[in-house]
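In: sequence first, predicted model second:
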Amino acid sequence: MGARRIEKKANVKKPRSPVKPMFERWLTRRLLGGVLLFGGLGGLSGFTLWQLAQPDTLPIRQVQVTGEFVYLDKQNLYKAIGDLANAGFFNVNVRAVKQAAETLPWVEGASVRRVWPDTLRIDIREQIPLARWQGGGMVNRHGDVVPLATMDALRDFPVFNGPEGTAKILAKRYQSLSASLAKMKLAVVALTLSERRAWRVSLDNGMQLLFGRAMLDTQMLRFATAYDSVPVEKRENIQSVDLRYTNGFAVRWKTPVNKSKLG
């Protein structure tokens with residue numbers, strides 16, 4: 001029986017597929033291209049932002065100021081803003097412009113915005129004065145004391161006198177008093193709150209009204225009723241009316257009169 005010859009098959013290694021290395025090279029090229037692309041875009045964006053931040057790129061060519069002005073000098077406003085408006089449209093500091101405008105004593109508030117393509121608009125709320133403060137300055141409608149370099153514009157306004165920190169109290173009292181006195185064709189020229197918190201009201205006809213710590217509506221009503229009953233020629237002779245009494249008041253005359261009284 002003849003022997004069977006068994007031949008061993010050689011272990012032949014299959015060639016490695018070239019797909020994976022090709023994919024890796026493709027992916028590497030794409031990633032590198034992306035990095036370069038985004039790097040270029042980033043550089044371009046940075047340059048663009050830098051360019052827009054330059055004052056000569058879209059410069060502010062006009063500043064518009066709006067509002068109703070009685071006391072504010074626009075030239076002082078432009079001076080306060082100064083070089084802050086000399087900037088490009090995109091990098092002008094609107095907050096700094098607002099703060100500069102509000103440093104002026106006659107400016108109560110300001111809002112600032114850009115208007116495309118070259119305008120800066122500033123809307124101003126002017127202070128509304130209520131009175132002059134005893135030590136100098138203005139008392140505005142909110143009862144705040146605002147320092148002023150000159151008081152010429154407030155020459156015809158009433159004067160508030162009171163302890164430090166009482167301006168708001170005086171402002172509130174003045175507004176309620178003015179409404180009541182206007183019906184009698186009278187106006188306040190000075191309002192005083194003493195250290196003891198007693199009130200004194202000086203009127204434009206030379207008369208003074210004296211109150212205690214309280215200034216009640218009933219006291220004003222009592223005075224108004226009596227004042228209307230006094231003949232016009234005798235009203236001018238009244239020096240003061242003391243309303244600190246519970247159920248009445250006392251009248252001081254400039255010159256003695258016979259059988260004349262209020263009410």
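Out: Yes, it's here. Numbers count the residues shown, from 1 in each chain.
In: surely Ser111 touches Leu120?
Out: No: in this structure, Ser111 is not within contact of Leu120 by Cβ atoms under 8 Å, at 11.6 Å. (C-beta placed from N, C-alpha, C; glycine too.)
In: and those two? Which one has more around it.
Out: Leu120 (22 against 13; other Cβ atoms under 10 Å).
In: I'd like the distance between that one and Phe160.
Out: According to Cβ to Cβ, to the nearest Å, Leu120 stands 38 Å off from Phe160.
In: show me what contacts the spatially most central residue of the chain?
Out: The residue lying closest to the centre of the chain (Cα atoms, centre = their mean) is Gly109, at 2.9 Å. By Cβ atoms under 8 Å, 6 or more residues apart in numbering, the contact set of Gly109 is 102, 124-125.
In: list the buried residues of the one helix or strand it maps to.
Out: In this assignment (DSSP states H and E), Gly109 forms part of strand 107-115. For strand 107-115, the neighbour count (16 or more other Cβ atoms under 10 Å) marks 107-108, 110, 112 as buried.
In: turn the residues you listed into TSV, columns for pLDDT.
Out: Converted to TSV, the buried residues of strand 107-115 look like this (pLDDT from 0 to 100):
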residue	pLDDT
Val107	98
Glu108	97
Ala110	98
Val112	97
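In: from those residues, pick the one nearest Leu148.
Out: The shortest approach to Leu148 among the buried residues of strand 107-115 belongs to Val107, at 12.4 Å (Cβ to Cβ).
In: could you report the separation of that closest one from Arg132?
Out: For Val107, the distance to Arg132 equals 19 Å [Cβ to Cβ].
In: Gln219 against Val241, yeah?
Out: No: between Gln219 and Val241 there is no contact, the gap being 9.8 Å when judged by Cβ under 8 Å.
In: quick one: the strands in the stretch 1-150 of the chain, in order.
Out: For the stretch 1-150 of the chain, applying DSSP state E, counting those that start in this stretch gives strands covering 62-66, 107-115, 119-126, 129-133, 138-140, 145-146.
In: now these as CSV including distance to Arg252?
Out: Shown next, in CSV, are the strands of the stretch 1-150 of the chain (distance: least, Cβ to Cβ, whole Å):
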stretch, distance to Arg252
strand 62-66, 52
strand 107-115, 41
strand 119-126, 42
strand 129-133, 26
strand 138-140, 29
strand 145-146, 32
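In: indicate which one of these is closest to Ser178.
Out: strand 129-133 (9.6 Å).
In: other SSEs contacting that closest one?
Out: Under the contact definition 3 or more Cβ pairs under 8 Å, 6 or more residues apart in numbering; DSSP states H and E, strand 129-133 sits against strand 138-140, strand 159-161, helix 167-182.
In: starting at the chain centroid, how far to it?
Out: 18 Å (Cα atoms, centre = their mean, to the nearest Å).
In: same check on stretch 181-193?
Out: 29 Å.
In: over to stretch 204-221?
Out: Counting by Cα atoms, centre = their mean, stretch 204-221 comes out at 34 Å from the chain centroid.
In: and it, what's buried?
Out: Within stretch 204-221, the residues scored as buried using 16+ other Cβ under 10 Å are 207-211, 215, 219-220.
In: make a markdown table out of those and add distance to Val201 and secondary structure.
Out: A markdown table is the format used below for those (distance: Cβ to Cβ, whole Å; DSSP: H, G, I helix; E, B strand; the rest coil):
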| residue | distance to Val201 | secondary structure |
| --- | --- | --- |
| Met207 | 9 | coil |
| Gln208 | 7 | strand |
| Leu209 | 4 | strand |
| Leu210 | 8 | strand |
| Phe211 | 7 | strand |
| Met215 | 8 | coil |
| Gln219 | 11 | helix |
| Met220 | 10 | helix |
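In: quick check, nearest of the residues you listed to Arg95?
Out: For the buried residues of stretch 204-221, the residue nearest Arg95 by Cβ to Cβ is Met215; the value is 43.6 Å.
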